[in-house]
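J.: I would like the atomic coordinates for the input below:
(one chain, ligands or ions: 1)
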Amino acid sequence: MSCKCDTYGKNSKGYKITLCEDEMPRKYYNILPDLPTPLDPPMNPGTGKPAKPEELEAIFTKEAVRQEMSSQRFIDIPDEVVSALFACGRPTPMFRAHRLEAYLKTPAKIYFKHEGLNPCGSHKPNTAIAQAYYAMKEGVQELVTETGAGQWGTALSYACALYGMKCRVFMVASSYEQKPYRRIQMETYGAKVYSSPSRETEYGRKLSDANPEHSGSLGIAISEAIETVVKTPNSKYSLGSVLNHVMLHQTVIGQEAKIQLAKEDITPDVLIACVGGGSNFAGFTFPFVADKIAKKTNPDIIAVEPTSAPSITKGKYDYDHGDSAGMTPLLKMYTLGKDFIPAKSHAGGLRYHGMAPTVSSLAHDKLIRAVAYSQKEVFEAGMVFARTEGIVAAPESCHAIKAAIDVAAECKKKGEQKTIVFNLSGQGQLDLEGYADYMAGKI
Ligand SMILES: *Cc1c(COP(=O)(O)O)cnc(C)c1O
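T.: The predicted structure follows:
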């Protein structure tokens, strides 16, 4: 294929690998038909039987439900969504972290895919745009959701603004206080934002009456959003992670990454991403996992979680609710229990008790593996990255950076020239308080 971007890619060989518009993926990759162990179905919390599509449609858009249960390997991306993704900065560049490699004195090569360069600063618009588009097509007037650190709420507010829809966001109380600028960005896009637990829902009132200082959790905020959707006509719930349809929207990341690596004749040995609910990890790695399942390649694929919410490394693989009140369907996943409240941390996007069923299934089948790091070592890695590569990464993404640095150090010890590729899920310019706390020795 010849286009200007190819030439540009060649001139910058080894530093920045770019793609052009006509290389953007036109289909989502759905891993469901390729999973070695078929996924256990979501269960209706009321009946204890597999959830029927019409039951799920009480909460989600029809298209989200159709995609959730689809066994089609590839699903067309609507042209309007491709255009919106293009306008939002896709395809995203891949960089080689030369300065980080030099600092670490490692023989390993380190590359990263940068998902933090769009107006929202994270990978979340990839699914927000798709979900808002399908909702708009179905005549939905309002999308309701929860948000942890605020990246998901920001992305959905942005997408609702694009399609002229209302947006309501329940923001975990600890982040609402820690990250006022994310709330302001959501409000700037026209969203209504509430600190969760809020006074807006029965469940929220119950929890805040019992504890006015409640720091909240994603599980609680999801319950509040769902209660709101059930009570508000013409509204739907939108989830930013965990579910199959969200994972597949994110596979534009990994599909692009595969093309970018192929352009430079690179076969990755190690692929790394952080995991909260699993969406940036799934989006980045699933197109590569497909090749691993087909035994074409055998990369080491690492999911990185915080020690404060270690669902894969410490959780149980079992059916559990996605929310705290027990309103969502039961999902078979690695979980710390729906009532688990992770310690406050600056990586709000990773404070979730469960893990995507698809990611859980692959971890259970040992096609991928998980590691967990403490907040301190994660920020230490973030500082090294900022001072070598010049990027202040989101605290969530610093988990992936930490793992990449550890693998690179291992390569140095063993004299191995591996190629490490990680996903930089977002930038951290609205997370500076975490860096400030780290520099002040408070973490
Ligand atoms: C939301 C978020 C995460 C965690 O969510 P996943 O669904 O696991 O990707 C990670 N990084 C950033 C920057 C986020 O905004």
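J.: got the domain boundaries for this structure?
T.: Annotated domains of the chain cover 86-121+245-439, 124-243 [automatic domain parsing].
J.: would you turn the ones you listed into a markdown table with distance to Pro42, mean pLDDT and mean neighbour count?
T.: For every residue, glycine as well, the C-beta is placed using N, CA and C. Putting the domains of the chain into a markdown table (distance: least, Cβ to Cβ, whole Å; pLDDT from 0 to 100; neighbours: other Cβ atoms under 10 Å) gives the following:
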| stretch | distance to Pro42 | mean pLDDT | mean neighbour count |
| --- | --- | --- | --- |
| domain 86-121+245-439 | 4 | 96 | 22 |
| domain 124-243 | 9 | 96 | 23 |
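J.: save those as CSV, and put in distance to Glu57 too.
T.: Converted to CSV, those look like this (distance: least, Cβ to Cβ, whole Å):
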stretch, distance to Glu57
domain 86-121+245-439, 12
domain 124-243, 9
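J.: using JSON lines, lay out those together with distance to the ligand.
T.: Listed next are the domains of the chain as JSON lines, based on distance: least, Cβ to the nearest ligand atom, whole Å:
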{"stretch": "domain 86-121+245-439", "distance to the ligand": "3"}
{"stretch": "domain 124-243", "distance to the ligand": "3"}
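J.: can you check which of the ones you listed gets nearest to Asp40?
T.: When the domains of the chain are compared by Cβ to Cβ, domain 86-121+245-439 sits nearest Asp40, at 3.9 Å.
J.: how far off centre is the closest one?
T.: Relative to its chain's centre, domain 86-121+245-439 lies at 9 Å (Cα atoms, centre = their mean, to the nearest Å).
J.: can you give me the helices for the stretch 251-400 of the chain?
T.: Secondary structure of the stretch 251-400 of the chain (DSSP state H, counting those that start in this stretch): helices at 251-263, 279-293, 311-314, 357-364, 375-389, 395-414.
J.: need these in TSV with distance to Pro107, can you?
T.: TSV is the format used below for the helices of the stretch 251-400 of the chain (distance: least, Cβ to Cβ, whole Å):
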stretch	distance to Pro107
helix 251-263	19
helix 279-293	22
helix 311-314	28
helix 357-364	29
helix 375-389	17
helix 395-414	6
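J.: Asp431: which of those is closest?
T.: helix 395-414 (5.3 Å).
J.: elements contacting the closest one?
T.: Here helix 395-414 touches helix 98-104, strand 109-114, strand 270-274, strand 300-306, strand 369-373, helix 375-389, strand 419-424, going by 3 or more Cβ pairs under 8 Å, 6 or more residues apart in numbering; DSSP states H and E.
J.: so what's Val81 up against?
T.: 129-130, 133 (Cβ atoms under 8 Å, 6 or more residues apart in numbering).
J.: re the thing from before, as a markdown table, the helices and strands packed on helix 395-414 with distance to Pro197 would be great.
T.: A markdown table is the format used below for the helices and strands packed on helix 395-414 (distance: least, Cβ to Cβ, whole Å):
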| stretch | distance to Pro197 |
| --- | --- |
| helix 98-104 | 41 |
| strand 109-114 | 35 |
| strand 270-274 | 26 |
| strand 300-306 | 22 |
| strand 369-373 | 27 |
| helix 375-389 | 24 |
| strand 419-424 | 32 |
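J.: closest to Arg90 out of these?
T.: Judging the helices and strands packed on helix 395-414 by Cβ to Cβ, what sits closest to Arg90 is strand 109-114, at 11.3 Å.
J.: and the closest one with helix 251-263, angle?
T.: Put simply, strand 109-114 runs at 140 degrees to helix 251-263, going by axes from the mean of the first three to the mean of the last three Cα atoms, to 10 degrees.
J.: could you shift the numbering so residue one becomes 28, and keep it that way?
T.: New numbering, starting at 28: the last item is strand 136-141.
J.: what packs against strand 136-141?
T.: Checking 3+ Cβ pairs under 8 Å, 6+ apart, strand 136-141 ends up next to strand 121-123, helix 125-131, helix 278-290, helix 422-441, strand 446-451.
J.: now for the ones you listed, which one comes closest to Ser250?
T.: Among those, helix 422-441 sits nearest to Ser250 (Cβ to Cβ), with 22.6 Å.
J.: what's the angle between that closest one and strand 136-141?
T.: 170 degrees.
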